[in-house]
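Participant: quick check, what structure comes out for this input:
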Amino acid sequence: MNELQSDGFGAFAVSDSHGPGPRLMGADTLIGNSVVNHQDEDLGTILDIMMDVRAGTISYAVLSYGGILGIGDKLFAVPWDALTLDTKNERFTLDVAKERLEASAGFDKDNWPHVADQTWGKDARGGNGTQASALPVS
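Facilitator: This is a model prediction of the structure:
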């Protein structure tokens, strides 16, 4: 893409896009976006987006929940395909009850899971809840 095709905010015009928003977006435009559930309850913000470089795909988003100004928050690995971009409100929707986040262990910023471990990645994607850091998503 060249600069003429970009809107200057990381969103790129793509003629074959069939969705409500741009098909290609810069990751930096998504990091920091809020996440809500279908009951419009605040679930936190997108802290990071983790890519599988070898496969060329987004593996999961890191959801930051709770805390104040990044202190005391819990982090969760959320499968990328579990998030729905709400372009009208510039946020994501995730089908998870707020109580589930509160009850889940998550991980903190100083103790990230060993992401090279194939088991951890599978658990984060599958949402089977066997890893505290992976958010079970139905």
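Participant: residue 66 reaches residue 73, doesn't it?
Facilitator: Yes: Residue 66 is in contact with residue 73 according to Cβ atoms under 8 Å; the separation is 5.0 Å. C-betas here are computed from N, CA, C, even on glycine.
Participant: what touches both of the two?
Facilitator: Common neighbours of residue 66 and residue 73 (criterion: Cβ atoms under 8 Å, 6 or more residues apart in numbering): residue 44.
Participant: looking at those two, which has the bigger crowd around it?
Facilitator: More crowded of residue 66 and residue 73, by other Cβ atoms under 10 Å: residue 73, with 18 against 14.
Participant: so what's the more buried one closest to, chain neighbours aside?
Facilitator: residue 67 (3.0 Å; Cβ to Cβ, 6 or more residues apart in numbering).
Participant: which residues touch the helix or strand where residue 48 lies?
Facilitator: When elements are assigned from DSSP states H and E, residue 48 belongs to strand 42-52. Strand 42-52 is contacted from outside by 27, 30-37, 57-66, 73, 75, 77, 80, 92, 94, 96, 98, 101, 115, 121, using Cβ under 8 Å, 6+ apart.
Participant: now a PyMOL select for only the buried ones of these.
Facilitator: Restricted to buried positions by 16 or more other Cβ atoms under 10 Å, the PyMOL selection for those reads:
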select buried, resi 30+33+35+36+37+58+59+60+61+62+63+64+65+73+75+77+92+94+96+101+121
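Participant: out of the contacts of strand 42-52, list just those in helices.
Facilitator: Per DSSP state H, helices hold the following members of those: 27, 30, 98, 101, 121.
Participant: next one: the second one from residue 80, what distance?
Facilitator: By that I understand residue 30. 10 Å (Cβ to Cβ, to the nearest Å).
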